[in-house]
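Chemist: the following comprises the amino acid sequence and a computationally predicted model.
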Amino acid sequence: SRMMQIVIENAGAEQGYLIIEQEGRWLIEAQAKIDSSEPSVFQSIHVDETDAVSSSIVHFVARTQDHVVLSDAVNEGDFTTDPAVRKHGSKSILCTPLISQGRLSGLLYLENSLTTGAFTPERVELLNLLTSQMAISLNNARLYKKARDERVQRKEVELNLKKNEERYSLAQRAGNIGSWDWDILTGNLEWSEQVEPMFGFSPGRFKRTYE
């Protein structure tokens, strides 16, 4: 959200979109407008299912990992017949890849439908610096999310194991049965808490060996 706001304020764009690849699909995950105080994030809109951006430009940049800068998109360049370009009467468009450590992290799509030549070489150079930081931020966010998801998943597994153990123990007490587990490689033998009383031993008094 912060990076999108910074980009819009410094790029000369009316609006911008952050586009992320997920499972082979390019999705709009954030949108920022110059006249809006807060970017809209986590939209997950497929670029092929909306006319908010030119899907042909997005796919071209994703494939070539090279940026596209158009000064008068509706009248000049290779995308004049694109439906989104024609519908918006787009003038200035810039779409650039977000690359960090040689990895494509996402795409930044900027548009100014009022001014031709809005994305000057100076602004493009500034955007290169900003998008490098954005790519690093995206990678860090992905790593954080992955670690967080793994922690949540591990806690859920541990909780389920604990519940299963409690139910298993309750079932054994109710049925007056016991169980044992022998690790053949280590020789370790574990008895459930019901076994020792069944053989007349107090808890902790039985020597747990296979013999």
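Modeler: Yep, that arrived.

Chemist: strands of this protein, residue ranges please.
Modeler: Assigned by DSSP state E, the strands in the chain fall at 15-22, 25-33, 40-46, 68-70, 92-100, 103-112, 180-182, 189-191.

Chemist: strands paired with the longest one, and their directions?
Modeler: Each strand paired with strand 103-112, and its direction, by DSSP bridges: strand 15-22 (antiparallel), strand 92-100 (antiparallel).

Chemist: of all these, which one comes closest to residue 69?
Modeler: strand 92-100 (5.2 Å; Cβ to Cβ). For glycine as for every other residue, the C-beta is placed from the backbone atoms N, C-alpha and C.

Chemist: in that closest one, what counts as buried?
Modeler: Buried positions in strand 92-100, judged by neighbour count with 16 or more other Cβ atoms under 10 Å: 92, 93, 94, 95, 96, 97, 98, 100.

Chemist: with distance to residue 193 and pLDDT added, can I get those in TSV?
Modeler: Putting those into TSV (distance: Cβ to Cβ, whole Å; pLDDT from 0 to 100) gives the following:
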residue	distance to residue 193	pLDDT
92	74	92
93	70	93
94	68	91
95	65	92
96	64	89
97	60	88
98	57	85
100	54	75
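
Chemist: adding distance to residue 66, write these out as a markdown table.
Modeler: Output for these, formatted as a markdown table (distance: Cβ to Cβ, whole Å):
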| residue | distance to residue 66 |
| --- | --- |
| 92 | 18 |
| 93 | 14 |
| 94 | 12 |
| 95 | 10 |
| 96 | 9 |
| 97 | 7 |
| 98 | 13 |
| 100 | 16 |
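
Chemist: next, format the strands paired with strand 103-112 as CSV and append distance to residue 54.
Modeler: Conversion of the strands paired with strand 103-112 to CSV gives the following (distance: least, Cβ to Cβ, whole Å):
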stretch, distance to residue 54
strand 15-22, 11
strand 92-100, 7
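
Chemist: out of those, flag the one nearest residue 131.
Modeler: Taking Cβ to Cβ, strand 92-100 is the member of these nearest to residue 131, at 5.2 Å.

Chemist: tabulate the CA atom coordinates of the closest one in PDB.
Modeler: Listed next in PDB are the C-alpha coordinates belonging to strand 92-100 (Å, rounded to 0.1, in the frame of the first residue of the first chain):
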ATOM      1  CA  SER A  92       0.400   7.500 -21.400                       C
ATOM      2  CA  ILE A  93       1.000   3.900 -20.300                       C
ATOM      3  CA  LEU A  94       3.900   2.400 -18.500                       C
ATOM      4  CA  CYS A  95       4.200  -1.200 -17.600                       C
ATOM      5  CA  THR A  96       7.400  -2.500 -16.000                       C
ATOM      6  CA  PRO A  97       8.500  -5.800 -14.400                       C
ATOM      7  CA  LEU A  98       9.400  -6.000 -10.800                       C
ATOM      8  CA  ILE A  99      12.600  -8.000 -10.600                       C
ATOM      9  CA  SER A 100      14.600  -8.900  -7.500                       C
END
